[in-house]
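> Next one to model:
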Amino acid sequence: MTTTARRGTRIAHLGVAVRAIPDVLPFYRDVLGLSTVPLDDADGARIAGLAAGDSLVELLEPAVAYSPIAKFIDRKGPGIHHICFNVDDLDATLAKAKAAGVVLIDDVPRVGAEGKRIAFLHPKSTGGVLIELSEY
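Below you'll find the model as predicted:
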């Protein structure tokens, strides 16, 4: 019988909304010394990945005017857009969140960047922070 080791919930990445990746990438790469990690674009955003220990920083630049990142920047300006947590069992975590009264943006997981299963939780249920959940 095979059992999968549980890893526990960990920060996968911080999503930072930016107007233009080339304008801010030098700070993260050259000043902070973070190395770039190739990531696919997703959800109407160009994404630049940067390794920060076991986590990533994702610089999210709007690729289209109506994307979630473009809307965020229009409302709030550049800044932290979301925190993504890796969880062992995305379906169970979503069920637990729903049972606790958390408003789900994604009722069922969908495929996100890097082909991983993801789901978002609404900031009005999480202390004002958009939370992304991703399965290891």
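> now residue 59, what's its secondary structure?
Secondary structure, DSSP: H, G, I helix; E, B strand; the rest coil: residue 59 is strand.
> Just list the residues touching it, thanks.
16, 18, 21, 24, 25, 28, 47, 48, 49, 50 (Cβ atoms under 8 Å, 6 or more residues apart in numbering). (C-beta placed from N, C-alpha, C; glycine too.)
> Wait, the first one touches residue 60, no?
Yep, that's residue 16 we're talking about. Yes - assessed by Cβ atoms under 8 Å, residue 16 is found in contact with residue 60 at 6.4 Å.
> hey, what's in contact with both of the two?
Common contacts of residue 16 and residue 60 (Cβ under 8 Å, 6+ apart): residue 81.
> higher neighbour count, these two?
Neighbour tally, residue 16 and residue 60, criterion other Cβ atoms under 10 Å: the higher count belongs to residue 60, 28 against 20.
> Share the number of residues neighbouring residue 100, please.
Neighbours of residue 100 (other Cβ under 10 Å): 8.
> what about the helices in this protein?
Here the chain has its helices, by DSSP state H, at 21-26, 68-76, 90-99.
> list the buried ones in the last one?
Neighbour-count burial for helix 90-99, counted by 16 or more other Cβ atoms under 10 Å, picks out 90, 93, 94, 97.
> For this structure, give me the ranges with low pLDDT.
1-4 (pLDDT under 70).
> Contacts only, for the residue sitting nearest the centre point of it.
In the chain, the residue lying closest to the centroid (Cα atoms, centre = their mean) is residue 84, at 4.3 Å. Contact partners of residue 84, counting by Cβ under 8 Å, 6+ apart, are 11, 12, 13, 14, 15, 118, 131, 132, 133, 134.
> Need the buried ones from the residues you listed selected in ChimeraX.
ChimeraX command restricting the contacts of residue 84 to the buried ones, with burial defined by 16+ other Cβ under 10 Å:
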select :12,13,14,15,118,131,132,133,134
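> Cool, thanks, talk later.
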